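S.K.: here is my input; please provide its structure:
(chains A and B)
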Amino acid sequence: MHMPLEDTLGLNLLAANQHQAEHNREHFDSWRLLCLNMMSSPGAGKTSLLECSLAQLSNEFAMAVLEGDMTTQLDAERLEAVGVPVVPITTGRACHLDAAMVSGGLKLLRQRLDPASLDLLWVENVGNLVCPAEFEVGEHKKVALLSVTEGDDKPLKYPVMFREADCVLITKIDLLPYLPVDVDRIEDHIRQVNPRCSVIRISASSGVGLDSWHAWLRATHAAQCPSPGLATAQPLPSHPTLVNA
Amino acid sequence: MHEVDMTKCLLLSLQEWKQQHQPQVPSVEVVHLQVGDFTCVEPDALVFTWGALVSGTWLAGSELRIERTPLLARCLPCGASYSPRSEQAYRSPCCDHPMEDILSGRELRIRSIEYSLPEQGSSPPAAGSVSPGTPQARELMAGARA
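M.R.: Below you'll find the model as predicted:
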């Protein structure tokens, strides 16, 4: 005889991933580092931006990169050349990183260095505007990149990604003179789906906007990992400051 | 198709739930999901991959039923709720305001599970269900998306 039963759970469909993500974040917090999840479509400029930011900030922050790619280690090799520790995570068929993959990457990273010596851990996600939006990896902040060549409709076509982002970088703005695209319209569409995120216009090639982006990074790092001696450190603002290049 | 990874994650979450009933193996009839329209999940693809992935497992023969929840937002200036549409860039039709507070549409939730337990010898049948108020359920709900 069987008893018919029903359990009311209210459990997240992705609870298993979320538990691992929370576990990762506990590690990041104990190491007192800021973890950023960098997401965009393929070719929006994540790796080029990282090359610039790693080079320009290496005197200021101790950094490492977990580099997600579906098949190759080309991006990891590019970033290694800057002189920052990079752990490649080849996802194979999967079109996003999940918390377990990042946990595996952390194990490899720990074989090379003590993560507590780091200030900043970058997770470069697989190029994709859909799946990474739903799979947390334990990051403190999500950064989405959108290049001007992708068109102004993308925030409306892939709204979940732009809604979830804490900071959206509009990239390749040095190309604007050659494109029939209205960058104000791109920014407006981002703000329609996510009025609370920071939006920064940048170009990794010309360097325009990198100061604003790095200012956002410093402020975010200071809020996430306040210096032990600074009892009067400012708490995280409930609404991120809007930054314009 | 990331619904395969989503379904695998769902199976892991259900595996955690199954542990509560050890050593018994619950016979699951229906898993009820709530999937919001403002997520990256295609319900039909979830049902398709469910059928493929549960065959030959303890969940074989079970059914996945998905209730979709519409995207609803609240217009901040006037407080009215509205259905954001991509054609209007998700703005509120009343005040032309950006989409601030989402009231529904982001759900990715295992709402409930219909199942039965094989009766064990002379011990009373495992009656009762986990209600949202029990410590066990609270622990599970802590993982739910707000």
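
S.K.: the helices in the chain, which residues?
M.R.: No chain was given, so I picked chain A. A:15-30, A:46-57, A:74-80, A:99-112, A:154-157, A:159-164, A:183-193, A:210-224 (DSSP state H).

S.K.: wait, I meant chain B there
M.R.: According to DSSP H, the helices that chain B contains are B:3-19, B:43-54, B:135-141.

S.K.: give the buried residues for the second one.
M.R.: If you call a residue buried by 16 or more other C-beta atoms under 10 Å in any protein chain shown, then helix B:43-54 has these buried ones: B:Pro43, B:Leu46, B:Val47, B:Phe48, B:Thr49, B:Trp50, B:Val54. For glycine as for every other residue, the C-beta is placed from the backbone atoms N, C-alpha and C.

S.K.: what mean pLDDT does it get?
M.R.: The pLDDT scores in helix B:43-54 average 94.

S.K.: can you check the shortest one too?
M.R.: Averaged across helix B:135-141, the pLDDT comes to 37.

S.K.: repeat for the longest one
M.R.: Helix B:3-19 shows a mean pLDDT of 90 in the predicted model.

S.K.: so which elements touch that helix?
M.R.: strand A:2-12, helix A:15-30, strand B:27-36, helix B:43-54, strand B:108-118 (3 or more C-beta pairs under 8 Å, 6 or more residues apart in numbering or on different chains; DSSP states H and E).

S.K.: quick one: the ones you listed as a markdown table, columns for distance to B:Leu71 too.
M.R.: Shown next, in a markdown table, are the helices and strands packed on helix B:3-19 (distance: least, C-beta to C-beta, whole Å):
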| stretch | distance to B:Leu71 |
| --- | --- |
| strand A:2-12 | 18 |
| helix A:15-30 | 22 |
| strand B:27-36 | 7 |
| helix B:43-54 | 14 |
| strand B:108-118 | 13 |
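
S.K.: ok, of the ones you listed, where does mean pLDDT dip lowest?
M.R.: Among these, strand A:2-12 carries the lowest mean pLDDT, at a mean of 78.

S.K.: so what strands line up beside that one?
M.R.: Its sheet considered, strand A:2-12 pairs with strand B:108-118 (antiparallel) by DSSP bridges.

S.K.: buried sites along the strand it pairs with?
M.R.: Residues of strand B:108-118 classed as buried: B:Leu108, B:Arg109, B:Ile110, B:Arg111, B:Ser112, B:Ile113, B:Glu114, B:Tyr115, B:Ser116, B:Leu117 (neighbour count, 16+ other C-beta under 10 Å).

S.K.: for the helices of chain A, which one sits closest to A:Pro4?
M.R.: A:Pro4 lies closest, by C-beta to C-beta, to one member of the helices of chain A: helix A:15-30, at 24.4 Å.

S.K.: relative to strand A:2-12, how tilted is that closest one?
M.R.: Inter-element angle recorded for helix A:15-30 and strand A:2-12: 40 degrees (by axes from the mean of the first three to the mean of the last three C-alpha atoms, to 10 degrees).

S.K.: check which helices and strands helix A:15-30 sits against.
M.R.: Contacts defined by 3+ C-beta pairs under 8 Å, 6+ apart place helix A:15-30 against strand A:34-39, helix A:99-112, helix B:3-19.

S.K.: and the contacts of stretch B:93-105?
M.R.: A:163, A:191-196, B:36-39, B:69-78, B:80-82, B:84, B:90-92 (C-beta atoms under 8 Å, 6 or more residues apart in numbering or on different chains).

S.K.: quick one, which of those are buried?
M.R.: Buried among those by 16+ other C-beta under 10 Å: A:163, A:191-194, B:36-39, B:69, B:71-75, B:82, B:84, B:90-92.

S.K.: okay, and which of those residues map to strands?
M.R.: Those of these mapping onto strands are B:Gly36, B:Thr69, B:Leu72, B:Ala73, B:Arg74, B:Tyr82, per DSSP state E.

S.K.: can you list the residues you listed in CSV and add distance to B:Met6?
M.R.: CSV is the format used below for those (distance: C-beta to C-beta, whole Å):
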residue, distance to B:Met6
B:Gly36, 13
B:Thr69, 16
B:Leu72, 23
B:Ala73, 24
B:Arg74, 28
B:Tyr82, 28
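
S.K.: how near is A:Val86 to A:Trp213?
M.R.: Between A:Val86 and A:Trp213 the computed distance is 20 Å (C-beta to C-beta, to the nearest Å).

S.K.: ramachandran coordinates for residue 41?
M.R.: With no chain named, the answer covers chain A. According to degrees, to the nearest 10, the main-chain angles of A:Ser41 amount to phi -70, psi 170.

S.K.: looks like it contacts A:Cys131 (just checking).
M.R.: No. With contact taken as C-beta atoms under 8 Å, A:Ser41 and A:Cys131 are classed as non-touching, separated by 11.7 Å.

S.K.: what's the burial count for B:His21?
M.R.: By the measure other C-beta atoms under 10 Å in any protein chain shown, the count of residues near B:His21 is 14.

S.K.: just checking, it touches B:Ser116?
M.R.: No. In this structure, B:His21 is not within contact of B:Ser116 by C-beta under 8 Å, at 10.8 Å.

S.K.: where are the low-confidence patches of chain A?
M.R.: Across chain A, the ranges flagged by pLDDT under 70 are A:1-3, A:228-245.

S.K.: redo that, cut-off 90
M.R.: A:1-16, A:69-81, A:90-95, A:131, A:226-245 (pLDDT under 90).

S.K.: ok, residue 25 - how many residues close by?
M.R.: Answering for chain A, as no chain was given. Neighbour tally, A:Arg25, other C-beta under 10 Å: 17.

S.K.: that answer is for a different chain, and I need it for chain B
M.R.: 12.

S.K.: how about it, nearest residue that isn't a chain neighbour?
M.R.: Distances taken as C-beta to C-beta, 6 or more residues apart in numbering or on different chains place B:Trp58 nearest to B:Val25, at 5.6 Å, with adjacent residues excluded.
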